[in-house]
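K.L.:
Okay, sequence plus prediction incoming.
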Amino acid sequence: DYDHIVHSLHESVHNTPLHEIAVAGTGLPPLANPPTAHGNIEGPLVLELVHIVDIGVSAFDLEEVRQERAHIHHQRRVSRVRSATGEQPLQEREQVLPEYPRERLKLVLTDGFAELEAIECRRLPGIAMGKTPMGTKVRLII
């Protein structure tokens with residue numbers, strides 16, 4: 001079944017790191033001085049999200065949200081362990097994870113061999129701290 005094969009191939013690409021399936025030299029162009037290099041990239045090109053940070057929000061605010069999210073995750077794990085061992089689970093209301101504030105994202109992307117930093121000029125729908133998993137594939141149409 002052609003549709004099933006295409007779907008399976010699509011899922012495999014989405015769930016496999018690019019360095020395992022890409023061919024060196026077929027992604028990002030080589031840069032003479034990578035830390036400060038500027039240049040044009042021809043696309044379309046599929047890159048993988050390595051890191052994401054919001055450069056328009058203070059590090060203190062981001063860390064505050066990260067700590068609150070970590071605390072809620074910890075409470076959920078403790079409740080699951082207590083339930084699984086027959087102990088009384090924590091009697092706390094279900095807490096919703098707070099969202100990270102959103103201003104301007106800086107992304108680190110890779111073709112599996114080289115990395116580049118990108119700053120969004122316009123809000124990228126579907127990419128958000130705390131929601132978009134690292135390893136997400138991004139298709140650049142240039």
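P.N.:
Structure's in. What do you need?
K.L.:
residues contacting the residue lying closest to residue 42 once chain neighbours are set aside?
P.N.:
Leaving aside its chain neighbours, residue 42 sits nearest to residue 142 (6.2 Å; criterion: C-beta to C-beta, 6 or more residues apart in numbering). C-beta here means a position set from N, CA and C on the backbone, and glycine is covered the same way. Counting by C-beta atoms under 8 Å, 6 or more residues apart in numbering, residue 142 touches 41-45.
K.L.:
What are the boundaries of the helices in this protein?
P.N.:
For the chain, the helices defined by DSSP state H cover 2-14, 18-21, 59-84.
K.L.:
can you pull the buried residues of the last one?
P.N.:
Within helix 59-84, the residues that qualify as buried are 62, 65, 69, 72, 76, 79, counting by 16 or more other C-beta atoms under 10 Å.
K.L.:
Go ahead and confirm residue 54 touches residue 104.
P.N.:
Yes - using C-beta atoms under 8 Å, residue 54 is in contact with residue 104, at 6.7 Å.
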